[in-house]
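K.L.:
Next one to model:
(one chain, ligands or ions: 1)
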Amino acid sequence: MTPRWSKVAGVGGYLPAEVRSNQDLSALVDTSDSWIFERTGIRNRHIAAADETASSMAEIAARQALLMAGVAFDQVDLIIVATGTPDRVYPSAACLLQQRLGISSGCPAFDVQAACSGTVFALSVADQFIKTGAASTVLVAGSEVCSRIVDWTDRSTCILFGDGAGAVLLTASEQPGILTTRIHSDGAFEDLLYCPNPHAAALAKQAEAAYIHMRGNEVFKMAVNTLGRIVDETLEACGLQQTDVDWLVPHQANIRIIAATAKKLGLSMEQVILTLENQGNTSSASLLLALNQGVRDGRIQPGQIVLMEAFGAGFTWGSALVRF
Ligand code: COA
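P.N.:
Take a look at the predicted model:
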(Lines give C-alpha, C1' and ligand atoms only; values in the text may rest on other atoms or scores of the structure.)
Protein backbone atom coordinates (compact mmCIF):
# COMPACT_ATOMS: atom_id res chain seq x y z
CA MET A 1 0.00 0.00 0.00
CA THR A 2 1.30 3.48 -0.85
CA PRO A 3 2.13 5.34 2.39
CA ARG A 4 -0.20 8.18 3.31
CA TRP A 5 1.19 11.26 4.99
CA SER A 6 -0.49 14.37 6.36
CA LYS A 7 0.78 17.38 4.43
CA VAL A 8 0.33 21.00 5.56
CA ALA A 9 -1.54 22.58 2.64
CA GLY A 10 -2.64 25.86 4.22
CA VAL A 11 -2.35 27.97 7.35
CA GLY A 12 -4.27 30.88 8.84
CA GLY A 13 -4.43 33.10 11.89
CA TYR A 14 -6.59 35.73 13.53
CA LEU A 15 -6.00 38.20 16.36
CA PRO A 16 -8.70 40.46 17.85
CA ALA A 17 -8.29 44.20 17.28
CA GLU A 18 -7.96 45.31 20.92
CA VAL A 19 -4.39 45.27 22.25
CA ARG A 20 -3.72 45.38 26.00
CA SER A 21 -0.15 46.44 26.83
CA ASN A 22 1.91 45.85 29.97
CA GLN A 23 1.42 49.54 30.62
CA ASP A 24 -2.38 49.04 30.52
CA LEU A 25 -2.06 46.15 33.00
CA SER A 26 -0.04 48.24 35.42
CA ALA A 27 -3.19 50.38 35.82
CA LEU A 28 -5.13 47.25 36.87
CA VAL A 29 -2.65 45.41 39.12
CA ASP A 30 0.61 46.10 40.95
CA THR A 31 3.06 45.31 38.14
CA SER A 32 5.31 46.99 35.58
CA ASP A 33 6.33 46.65 31.95
CA SER A 34 9.90 45.79 32.95
CA TRP A 35 8.85 43.04 35.45
CA ILE A 36 6.54 41.37 32.91
CA PHE A 37 8.92 41.65 29.96
CA GLU A 38 11.99 40.43 31.86
CA ARG A 39 10.19 37.43 33.43
CA THR A 40 8.07 36.40 30.42
CA GLY A 41 9.11 38.15 27.18
CA ILE A 42 5.56 39.53 26.80
CA ARG A 43 4.72 43.19 26.05
CA ASN A 44 1.22 43.03 24.53
CA ARG A 45 -1.74 40.66 24.17
CA HIS A 46 -4.92 40.81 22.06
CA ILE A 47 -8.33 40.79 23.75
CA ALA A 48 -11.49 39.50 22.06
CA ALA A 49 -14.45 41.85 21.62
CA ALA A 50 -17.69 41.00 23.45
CA ASP A 51 -19.19 39.41 20.32
CA GLU A 52 -16.11 37.31 19.45
CA THR A 53 -15.93 33.62 20.39
CA ALA A 54 -13.68 30.61 19.86
CA SER A 55 -15.69 29.59 16.77
CA SER A 56 -15.93 33.10 15.28
CA MET A 57 -12.17 33.60 15.51
CA ALA A 58 -11.48 30.05 14.25
CA GLU A 59 -13.70 30.78 11.23
CA ILE A 60 -11.47 33.65 10.08
CA ALA A 61 -8.28 31.59 10.52
CA ALA A 62 -9.88 28.54 8.84
CA ARG A 63 -11.02 30.52 5.78
CA GLN A 64 -7.42 31.71 5.29
CA ALA A 65 -6.07 28.15 5.56
CA LEU A 66 -8.63 26.80 3.08
CA LEU A 67 -7.90 29.64 0.65
CA MET A 68 -4.14 29.03 0.82
CA ALA A 69 -4.67 25.30 0.25
CA GLY A 70 -7.06 25.93 -2.66
CA VAL A 71 -9.44 23.40 -1.15
CA ALA A 72 -13.22 23.69 -1.57
CA PHE A 73 -15.05 23.79 1.77
CA ASP A 74 -17.11 20.69 0.94
CA GLN A 75 -13.90 18.65 0.48
CA VAL A 76 -13.17 18.90 4.23
CA ASP A 77 -13.97 15.51 5.76
CA LEU A 78 -12.96 16.13 9.41
CA ILE A 79 -12.91 19.27 11.60
CA ILE A 80 -11.08 19.38 14.93
CA VAL A 81 -10.92 22.45 17.16
CA ALA A 82 -8.51 22.60 20.08
CA THR A 83 -9.92 24.90 22.74
CA GLY A 84 -10.35 25.23 26.48
CA THR A 85 -12.70 28.21 26.04
CA PRO A 86 -15.46 26.97 23.68
CA ASP A 87 -18.48 29.18 22.85
CA ARG A 88 -20.80 26.75 24.64
CA VAL A 89 -20.51 23.64 26.79
CA TYR A 90 -22.09 22.01 23.75
CA PRO A 91 -22.36 21.89 20.77
CA SER A 92 -18.58 21.87 20.36
CA ALA A 93 -16.75 24.84 18.86
CA ALA A 94 -15.95 22.49 15.95
CA CYS A 95 -19.67 22.00 15.19
CA LEU A 96 -20.19 25.75 15.35
CA LEU A 97 -17.22 26.26 13.03
CA GLN A 98 -18.65 23.69 10.63
CA GLN A 99 -21.93 25.64 10.58
CA ARG A 100 -20.14 28.99 10.11
CA LEU A 101 -18.23 27.57 7.11
CA GLY A 102 -21.44 26.16 5.65
CA ILE A 103 -20.05 22.60 5.52
CA SER A 104 -23.20 20.47 5.33
CA SER A 105 -21.63 17.17 4.23
CA GLY A 106 -22.13 15.60 7.66
CA CYS A 107 -18.37 15.21 8.19
CA PRO A 108 -17.38 14.66 11.84
CA ALA A 109 -16.50 17.76 13.86
CA PHE A 110 -15.33 17.68 17.47
CA ASP A 111 -13.24 19.57 20.02
CA VAL A 112 -10.04 18.43 21.68
CA GLN A 113 -9.29 19.83 25.12
CA ALA A 114 -5.69 19.48 26.27
CA ALA A 115 -5.18 23.04 27.53
CA CYS A 116 -2.10 24.68 25.99
CA SER A 117 -1.11 21.36 24.33
CA GLY A 118 -4.48 21.15 22.56
CA THR A 119 -3.11 21.78 19.09
CA VAL A 120 -0.48 19.04 19.18
CA PHE A 121 -3.15 16.64 20.45
CA ALA A 122 -5.48 17.73 17.61
CA LEU A 123 -2.69 17.35 15.03
CA SER A 124 -1.95 13.88 16.37
CA VAL A 125 -5.61 12.81 16.05
CA ALA A 126 -5.85 14.33 12.56
CA ASP A 127 -2.67 12.54 11.49
CA GLN A 128 -4.03 9.15 12.64
CA PHE A 129 -7.25 9.73 10.63
CA ILE A 130 -5.26 10.59 7.49
CA LYS A 131 -2.71 7.77 7.84
CA THR A 132 -5.45 5.15 8.21
CA GLY A 133 -7.43 6.54 5.28
CA ALA A 134 -10.38 7.49 7.50
CA ALA A 135 -10.04 11.11 6.34
CA SER A 136 -8.19 12.94 3.56
CA THR A 137 -8.75 16.66 4.14
CA VAL A 138 -8.68 17.74 7.77
CA LEU A 139 -9.20 21.22 9.17
CA VAL A 140 -7.51 21.75 12.55
CA ALA A 141 -7.98 25.00 14.46
CA GLY A 142 -6.77 26.20 17.86
CA SER A 143 -8.87 29.05 19.24
CA GLU A 144 -9.03 30.67 22.67
CA VAL A 145 -10.65 33.52 24.55
CA CYS A 146 -8.35 33.26 27.57
CA SER A 147 -9.33 36.80 28.62
CA ARG A 148 -12.69 35.40 29.84
CA ILE A 149 -11.13 32.88 32.23
CA VAL A 150 -8.41 35.19 33.57
CA ASP A 151 -8.79 36.92 36.93
CA TRP A 152 -7.89 40.52 36.02
CA THR A 153 -7.05 41.23 39.66
CA ASP A 154 -4.42 38.43 39.87
CA ARG A 155 -1.06 39.82 38.72
CA SER A 156 0.58 36.39 38.62
CA THR A 157 -1.69 35.14 35.82
CA CYS A 158 -3.44 38.06 34.06
CA ILE A 159 -0.16 39.28 32.57
CA LEU A 160 0.41 36.04 30.67
CA PHE A 161 -2.60 35.29 28.51
CA GLY A 162 -4.16 36.58 25.29
CA ASP A 163 -6.84 35.70 22.73
CA GLY A 164 -6.63 34.51 19.11
CA ALA A 165 -7.02 31.64 16.67
CA GLY A 166 -4.84 29.68 14.29
CA ALA A 167 -5.73 27.05 11.69
CA VAL A 168 -4.06 24.49 9.48
CA LEU A 169 -5.44 22.45 6.59
CA LEU A 170 -3.94 18.97 6.29
CA THR A 171 -4.31 16.88 3.13
CA ALA A 172 -3.36 13.27 2.39
CA SER A 173 -0.16 12.98 0.37
CA GLU A 174 2.28 10.38 -0.90
CA GLN A 175 5.10 12.78 0.08
CA PRO A 176 6.28 13.01 3.71
CA GLY A 177 4.52 15.66 5.82
CA ILE A 178 3.90 15.01 9.52
CA LEU A 179 6.80 12.68 10.37
CA THR A 180 5.64 11.90 13.90
CA THR A 181 3.46 13.21 16.70
CA ARG A 182 4.12 12.41 20.36
CA ILE A 183 1.47 13.19 23.00
CA HIS A 184 1.47 12.58 26.76
CA SER A 185 -0.59 13.39 29.87
CA ASP A 186 -0.11 13.08 33.63
CA GLY A 187 -3.17 14.05 35.68
CA ALA A 188 -1.15 13.80 38.89
CA PHE A 189 -0.29 17.47 38.45
CA GLU A 190 -3.86 18.71 37.94
CA ASP A 191 -3.71 21.17 40.86
CA LEU A 192 -0.66 23.11 39.64
CA LEU A 193 -2.57 24.70 36.76
CA TYR A 194 -6.36 24.55 36.41
CA CYS A 195 -9.57 26.43 35.73
CA PRO A 196 -12.71 25.24 37.56
CA ASN A 197 -15.85 24.56 35.54
CA PRO A 198 -18.30 27.20 36.84
CA HIS A 199 -21.25 24.83 36.42
CA ALA A 200 -19.60 21.97 38.31
CA ALA A 201 -18.37 24.39 40.99
CA ALA A 202 -21.92 25.74 41.50
CA LEU A 203 -23.27 22.22 41.89
CA ALA A 204 -20.58 21.33 44.40
CA LYS A 205 -21.18 24.65 46.21
CA GLN A 206 -17.48 25.40 45.90
CA ALA A 207 -16.44 28.95 46.62
CA GLU A 208 -13.52 28.85 44.20
CA ALA A 209 -13.64 31.39 41.38
CA ALA A 210 -13.83 30.00 37.84
CA TYR A 211 -10.54 31.54 36.76
CA ILE A 212 -7.09 30.23 35.89
CA HIS A 213 -5.24 29.13 39.04
CA MET A 214 -1.52 28.52 38.64
CA ARG A 215 1.56 27.78 40.72
CA GLY A 216 3.76 29.50 38.13
CA ASN A 217 7.16 28.62 39.46
CA GLU A 218 6.43 24.89 39.66
CA VAL A 219 4.79 24.91 36.23
CA PHE A 220 7.85 26.67 34.84
CA LYS A 221 10.28 24.01 36.09
CA MET A 222 8.11 21.12 34.92
CA ALA A 223 7.72 22.72 31.48
CA VAL A 224 11.45 23.18 30.95
CA ASN A 225 12.32 19.60 31.99
CA THR A 226 9.45 17.96 30.13
CA LEU A 227 9.98 19.85 26.88
CA GLY A 228 13.67 18.92 26.97
CA ARG A 229 12.67 15.24 27.09
CA ILE A 230 10.01 15.47 24.35
CA VAL A 231 12.56 16.95 21.96
CA ASP A 232 14.80 13.88 22.35
CA GLU A 233 11.85 11.48 22.10
CA THR A 234 10.58 13.12 18.91
CA LEU A 235 13.89 13.08 17.05
CA GLU A 236 14.63 9.52 18.18
CA ALA A 237 11.23 8.32 16.87
CA CYS A 238 12.23 9.49 13.37
CA GLY A 239 15.92 8.62 13.53
CA LEU A 240 16.81 12.30 13.06
CA GLN A 241 19.47 14.51 14.66
CA GLN A 242 19.13 17.97 16.22
CA THR A 243 20.93 19.40 13.18
CA ASP A 244 18.13 18.14 10.90
CA VAL A 245 15.65 20.60 12.47
CA ASP A 246 15.35 23.90 10.56
CA TRP A 247 12.75 25.65 12.74
CA LEU A 248 11.36 25.40 16.24
CA VAL A 249 7.71 26.49 16.46
CA PRO A 250 6.99 26.37 20.21
CA HIS A 251 3.90 26.98 22.28
CA GLN A 252 4.37 30.61 23.34
CA ALA A 253 4.22 30.64 27.15
CA ASN A 254 7.45 32.20 28.39
CA ILE A 255 10.60 33.28 26.53
CA ARG A 256 12.81 31.55 29.12
CA ILE A 257 11.03 28.20 28.59
CA ILE A 258 11.36 28.61 24.80
CA ALA A 259 15.06 29.58 25.03
CA ALA A 260 15.76 26.49 27.16
CA THR A 261 14.16 24.22 24.52
CA ALA A 262 16.04 25.93 21.68
CA LYS A 263 19.31 25.49 23.60
CA LYS A 264 18.54 21.81 24.13
CA LEU A 265 18.08 21.48 20.35
CA GLY A 266 21.28 23.41 19.62
CA LEU A 267 19.22 25.99 17.69
CA SER A 268 19.88 29.72 17.71
CA MET A 269 16.94 31.99 18.63
CA GLU A 270 16.94 33.07 14.94
CA GLN A 271 15.62 29.58 14.17
CA VAL A 272 12.67 29.97 16.56
CA ILE A 273 9.35 31.43 15.36
CA LEU A 274 8.30 33.83 18.12
CA THR A 275 4.96 35.60 18.51
CA LEU A 276 5.06 35.82 22.29
CA GLU A 277 6.09 39.47 22.66
CA ASN A 278 2.97 40.88 21.03
CA GLN A 279 0.47 38.05 21.57
CA GLY A 280 1.23 36.57 25.00
CA ASN A 281 0.15 33.00 25.74
CA THR A 282 -2.90 32.22 23.60
CA SER A 283 -3.02 28.62 24.90
CA SER A 284 -3.97 26.15 22.15
CA ALA A 285 -3.98 28.93 19.51
CA SER A 286 -0.34 29.91 19.96
CA LEU A 287 1.35 27.13 17.95
CA LEU A 288 -0.78 27.66 14.86
CA LEU A 289 -0.52 31.46 15.11
CA ALA A 290 3.27 31.08 15.14
CA LEU A 291 3.19 28.56 12.29
CA ASN A 292 0.99 30.93 10.27
CA GLN A 293 3.50 33.73 10.81
CA GLY A 294 6.53 31.60 9.88
CA VAL A 295 4.91 30.30 6.67
CA ARG A 296 3.41 33.60 5.54
CA ASP A 297 6.58 35.67 6.07
CA GLY A 298 8.53 33.10 4.02
CA ARG A 299 10.85 31.83 6.74
CA ILE A 300 9.49 28.25 6.61
CA GLN A 301 10.26 26.89 3.15
CA PRO A 302 9.18 23.68 1.34
CA GLY A 303 11.37 20.73 2.31
CA GLN A 304 12.37 22.17 5.68
CA ILE A 305 11.78 20.34 8.96
CA VAL A 306 9.76 22.09 11.68
CA LEU A 307 9.49 20.91 15.29
CA MET A 308 6.35 22.04 17.11
CA GLU A 309 6.05 21.44 20.84
CA ALA A 310 3.72 22.39 23.69
CA PHE A 311 3.15 21.94 27.40
CA GLY A 312 -0.02 22.70 29.35
CA ALA A 313 -2.41 22.00 32.18
CA GLY A 314 -2.99 18.35 33.03
CA PHE A 315 -0.12 18.17 32.68
CA THR A 316 -0.27 17.54 28.97
CA TRP A 317 2.64 17.80 26.56
CA GLY A 318 3.56 16.80 23.06
CA SER A 319 5.17 17.52 19.73
CA ALA A 320 4.70 17.31 16.00
CA LEU A 321 7.66 16.98 13.64
CA VAL A 322 6.73 18.10 10.16
CA ARG A 323 8.44 18.20 6.77
CA PHE A 324 7.04 21.14 4.79
N1 COA B 1 4.36 41.91 38.67
C2 COA B 1 5.20 42.10 39.71
N3 COA B 1 5.47 41.15 40.63
C4 COA B 1 4.88 39.95 40.46
C5 COA B 1 3.99 39.67 39.42
C6 COA B 1 3.74 40.71 38.50
N7 COA B 1 2.92 40.56 37.43
N8 COA B 1 3.56 38.41 39.52
C9 COA B 1 4.16 37.88 40.60
N10 COA B 1 4.94 38.82 41.18
C11 COA B 1 5.76 38.68 42.39
C12 COA B 1 5.30 37.58 43.31
O13 COA B 1 4.26 38.03 44.15
C14 COA B 1 6.57 37.26 44.07
O15 COA B 1 6.73 38.23 45.08
P16 COA B 1 7.35 37.84 46.50
O17 COA B 1 8.74 37.35 46.20
O18 COA B 1 7.32 39.12 47.24
O19 COA B 1 6.45 36.77 47.05
C20 COA B 1 7.68 37.48 43.02
O21 COA B 1 7.08 38.29 42.00
C22 COA B 1 8.22 36.21 42.43
O23 COA B 1 7.11 35.39 42.04
P24 COA B 1 7.32 34.04 41.26
O25 COA B 1 5.98 33.44 40.98
O26 COA B 1 8.34 33.20 41.94
O27 COA B 1 7.94 34.61 39.88
P28 COA B 1 8.53 33.80 38.68
O29 COA B 1 9.91 34.23 38.40
O30 COA B 1 8.28 32.32 38.79
O31 COA B 1 7.66 34.36 37.46
C32 COA B 1 5.86 33.59 36.10
C33 COA B 1 6.27 34.15 37.45
C34 COA B 1 4.36 33.35 36.12
C35 COA B 1 6.20 34.62 35.04
C36 COA B 1 6.64 32.28 35.83
O37 COA B 1 6.57 31.45 36.95
C38 COA B 1 6.12 31.55 34.65
O39 COA B 1 6.16 32.04 33.53
N40 COA B 1 5.70 30.30 34.85
C41 COA B 1 5.19 29.45 33.81
C42 COA B 1 3.82 29.88 33.50
C43 COA B 1 3.31 29.24 32.28
O44 COA B 1 3.99 29.19 31.29
N45 COA B 1 2.06 28.79 32.34
C46 COA B 1 1.38 28.27 31.26
C47 COA B 1 1.91 26.94 30.88
S48 COA B 1 1.14 26.51 29.40
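
K.L.:
which residue is nearest the middle of the protein?
P.N.:
Relative to the mean C-alpha position of the chain, the nearest C-alpha, by Cα atoms, centre = their mean, is the one of residue 284, at 2.8 Å.

K.L.:
what's the nearest residue to that residue if we skip its chain neighbours?
P.N.:
Spatial nearest neighbour of residue 284, chain neighbours left out: residue 118 (3.2 Å); criterion: Cβ to Cβ, 6 or more residues apart in numbering. Glycine gets a C-beta too; all of them are placed from N, C-alpha and C.

K.L.:
Please give the element, helix or strand, for the one you found.
P.N.:
helix 118-131 (DSSP states H and E).

K.L.:
Residue 27 now?
P.N.:
Going by DSSP H and E, residue 27 is not in any helix or strand.

K.L.:
Give me the pLDDT value at it.
P.N.:
Here, the pLDDT recorded for residue 27 equals 96.

K.L.:
Also residue 197?
P.N.:
For residue 197, pLDDT reads 89.

K.L.:
residues in contact with it?
P.N.:
Residue 197 makes contacts with residue 210, as judged by Cβ atoms under 8 Å, 6 or more residues apart in numbering.

K.L.:
wait, doesn't residue 13 sit right on residue 167?
P.N.:
Yes. Look at residue 13 against residue 167 with Cβ atoms under 8 Å: they come within range, at 7.3 Å.

K.L.:
Now list whatever residues contact both of those two.
P.N.:
Common neighbours of residue 13 and residue 167 (Cβ under 8 Å, 6+ apart) are 61, 64, 288, 292.

K.L.:
Let me know the helix or strand that the first one is in.
P.N.:
I take that to be residue 61. Here residue 61 is assigned to helix 54-69, by DSSP H and E.

K.L.:
In the stretch 101-250 of the chain, what residue lies closest to the ligand?
P.N.:
residue 216 (2.9 Å; Cβ to the nearest ligand atom).

K.L.:
ok, and does stretch 10-28 reach over to the ligand?
P.N.:
No. Judged by Cβ under 6 Å from any ligand atom, stretch 10-28 stays clear of the ligand, getting no closer than 7.6 Å.

K.L.:
Show me which residues of that stretch are buried.
P.N.:
Neighbour counts over stretch 10-28 (16 or more other Cβ atoms under 10 Å) mark 10-16, 20, 22, 25-26 as buried.

K.L.:
Residue 45: what's it in contact with?
P.N.:
Residue 45 sits in contact with 19-20, 161-163, 278-280, 282, where contact means Cβ under 8 Å, 6+ apart.

K.L.:
what about it, is that helix, strand or coil?
P.N.:
In three-state terms, and counting by DSSP: H, G, I helix; E, B strand; the rest coil, residue 45 is strand.

K.L.:
Which strand residues bridge it?
P.N.:
Per DSSP bridges, the residues bridged to residue 45 are residue 20.

K.L.:
Scan the protein for its longest helix.
P.N.:
helix 216-238 (DSSP state H).

K.L.:
How about whichever helix or strand comes after that helix and the ligand, touching?
P.N.:
Counting by DSSP H and E, the next helix or strand C-terminal to helix 216-238 is strand 247-250. No. Applying Cβ under 6 Å from any ligand atom, one finds strand 247-250 separated from the ligand by no less than 10.7 Å.

K.L.:
Just the residues contacting strand 247-250, thanks.
P.N.:
So strand 247-250 is contacted by 227, 257-258, 261-262, 265, 267, 271-273, 287, 290-291, 294, 299-300, 304-310 (Cβ under 8 Å, 6+ apart).

K.L.:
Would you mind listing which of those are buried?
P.N.:
Buried among the contacts of strand 247-250 (16+ other Cβ under 10 Å): 227, 257-258, 261-262, 265, 267, 272-273, 287, 290-291, 294, 300, 305-310.

K.L.:
among the residues you listed, which are in strands?
P.N.:
With strands defined by DSSP state E, the entries of the buried ones among the contacts of strand 247-250 inside them are 305-310.

K.L.:
Kindly indicate which of these lies nearest the ligand.
P.N.:
residue 310 (7.5 Å).

K.L.:
And the ones in strands among the buried ones among the contacts of strand 247-250, which is closest to residue 185?
P.N.:
Closest approach between those and residue 185, by Cβ to Cβ: residue 310, at 12.2 Å.

K.L.:
can you pull the pLDDT of that closest one?
P.N.:
Looking at residue 310, its pLDDT is 98.

K.L.:
Same question for the one 3 residues further on.
P.N.:
According to the prediction, residue 313 has pLDDT 98.

K.L.:
For it, give me its contacts.
P.N.:
Contacts of residue 313 (Cβ under 8 Å, 6+ apart): 84, 115-116, 190, 192-195.

K.L.:
swap the cut-off to 7 Å and go again
P.N.:
When contacts are counted by Cβ atoms under 7 Å, 6 or more residues apart in numbering, residue 313 touches 115-116, 193-194.
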